[in-house]
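S.K.: The sequence isn't on hand, but the structure is:
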RNA sequence: GGGUCCAUAGUUCAAUGGAUAAAACAAUCGGCUUCGGACCGGUAGUUGGGGGUUCGAGUCCUCCUGGACCCGCCA
């Protein structure tokens, strides 16, 4: 029987069903010395017109009889307006651990109806390679996808490749002028970096020669008119850029279910707007452009230019509609940086005005910028932390650490393990922070595998697996005894029991950082546990329960790591 | 000018409106006759400012200060 339920029933009875319903009873899980469950009596002060402390004391008197019937509730105290319940630890920990062991990881998800969730991320441009900002986007998107998958939903990961536009022409123009017709192979440069180099070059050159901007504009016109030479150059360089990004995605073990290319869709959406004009939703201006006045803080928005061509938001209207037609999603998440908050407000508003009911199920997952200690990242000026470089550097560092510890390790294991550790360090560093906050990305800190870091989680998992594998040989036959629990064990099991709530919240509030924080705290408590509570040398029945705890821990930690997209290493 | 968001320890950052504001890094002192030292323990230090709502505010409202982003017929 659930202790929480029993306590709630007792409270309802004492307070009086007229004054409070069982669903309204809010139980806190306080810190250790305040008991196992706590009921704040403050809201009752208004009803009874008494001070909360007196109410608490009176409630205890009323409950006395019931409490005698439930010996597992050891005592109840009235402290500072709280009703603190102390449960018999043997029973509390025993039943909690037992239910944790039985629980199938995705059990909760099975109960829910399965939904189709679209996650858009990271949406790169093809004029430059991925940098650490893209990584934040990609990891957030991936983690959200994994969290929804954990709960049994069908997740579709979509990517939008922004492979046309003035930014792409800038790289192209610089290559045409100064590229000597070289290939990335000849230049011995990863192909997307090769393209990106010309984007930086363009920015440098155009500072001295502003006419280059005009030339880029002309190139864009030519591109749109289908000029063969320009299209051929675009095809060649676009492939370089995309091939290079594919390599990076592969390195990150990130896979899409669907990619949309802007070059294929940028003319679409016009029809939607023209239909809107017919219905009188949008208005045609005197200069023959089309727009809508959304009023209030959103203001006026243009949807078609004077020449009838589409703009960014028109294309997004089309993309949203197309995706709904393609997937009939229940929810769609756009993982896009906070600088586009306004854009998405407008987009969703217009979709709503157009009468698409699913517009209410579209969400902008807005995240903050990634800044460096030296200031802002600017691709044009080359002041960025490149994704490939970052991974390589941190991987190299973890390789050195591994070599120190395991000189025997073969090259293949060394390589895969160091990559897993490096990615864990970077992912955790980018996921642990509240989404909406800007991140100050300190490379030195990401290189530090100690403390509040991804490798710390991996390490604690590996320790747990190591203990379990050592015990495998000697068969455990004893049943668990929950007598004489160590304080660390109580804390440990209580934390394990928090997992389902945390995961639920992470999903409902779309906050992967909650998983990261929980996993870290859990790892901390586990580390504390194994320092204080021997397992292999423990007495039989004590050992049995500690093994149960470690099993439960490794399962829970594995779930957390999966949701974060971090590889759970059996050995580290 | 208008809008959105942020401000917590030297630094990086936690805290469903609840009790004593949690950690990590850096600093410093300690712990392997011990299931893996990428570990554990000790020391020290914090809610930008003024009002308000509330039994209770780091959290909600308001003003101020400081910072980020947006308000393109760029994407």
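M.R.: That came through, no problem. All of these numbers come straight from a predicted model, not from anything done at the bench. Residues are numbered from 1 along each chain as shown, chains lettered A, B, ... in the order given.

S.K.: Tell me how many other residues crowd the residue lying closest to residue A:9 once chain neighbours are set aside.
M.R.: Closest residue in space to residue A:9, ignoring its immediate chain neighbours: residue A:22 at 6.9 Å, by C-beta to C-beta, 6 or more residues apart in numbering. For glycine as for every other residue, the C-beta is placed from the backbone atoms N, C-alpha and C. Residues lying near residue A:22 (other C-beta atoms under 10 Å) number 12.

S.K.: Report the secondary structure element holding residue A:347.
M.R.: Element membership for residue A:347 (DSSP states H and E) is helix A:341-353.

S.K.: So for whichever helix or strand comes after that helix, mean pLDDT?
M.R.: Sequence order places strand A:362-367 as the next helix or strand after helix A:341-353, per DSSP H and E. Across strand A:362-367, pLDDT averages out at 96.

S.K.: between strand A:362-367 and helix A:341-353, how big is the angle?
M.R.: Using axes from the mean of the first three to the mean of the last three C-alpha atoms, to 10 degrees, the direction of strand A:362-367 lies 170 degrees away from that of helix A:341-353.

S.K.: which residues are contacting strand A:362-367?
M.R.: Here strand A:362-367 makes contact (C-beta atoms under 8 Å, 6 or more residues apart in numbering) with A:136-137, A:140-141, A:144, A:320, A:331-338, A:340-341, A:344-345, A:347-348, A:351, A:435-436, A:510.

S.K.: Which ones, among the residues you listed, also lie beside RNA strand B?
M.R.: Contacts with RNA strand B are made by A:338, A:340-341, A:436 out of these, judged by C-beta under 7 Å from any atom of the strand.

S.K.: Next, the contact list for the residue in the stretch 51-200 of chain A positioned nearest to RNA strand B, please.
M.R.: RNA strand B sits closest to residue A:82 of the stretch 51-200 of chain A, with a gap of 3.5 Å, by C-beta to the nearest atom of the strand. Residues near residue A:82 by C-beta under 8 Å, 6+ apart: A:30, A:34, A:38-41, A:56.

S.K.: how about a cut-off of 6 Å?
M.R.: A:38, A:40 (C-beta atoms under 6 Å, 6 or more residues apart in numbering).

S.K.: And for residue A:287?
M.R.: Counted by C-beta under 6 Å, 6+ apart, residue A:287 has contacts residue A:306.

S.K.: Spell out the secondary structure type for it.
M.R.: When classified by DSSP: H, G, I helix; E, B strand; the rest coil, residue A:287 comes out as coil.

S.K.: Can you report how many residues neighbour the closest residue to RNA strand B within the stretch 451-572 of chain A?
M.R.: RNA strand B sits closest to residue A:451 of the stretch 451-572 of chain A, with a gap of 2.1 Å, by C-beta to the nearest atom of the strand. When neighbours are counted by other C-beta under 10 Å, residue A:451 registers 10.

S.K.: Same check on residue A:369?
M.R.: For residue A:369, the neighbour count with other C-beta under 10 Å is 16.

S.K.: Could you give the backbone dihedrals for residue A:70?
M.R.: phi -120, psi 90 (degrees, to the nearest 10).

S.K.: which residues touch it?
M.R.: Applying C-beta under 6 Å, 6+ apart to residue A:70 gives the contacts residue A:6.

S.K.: isn't residue A:85 right next to residue A:38, touching?
M.R.: No: if you go by C-beta atoms under 6 Å, residue A:85 and residue A:38 don't touch, sitting 7.0 Å apart.
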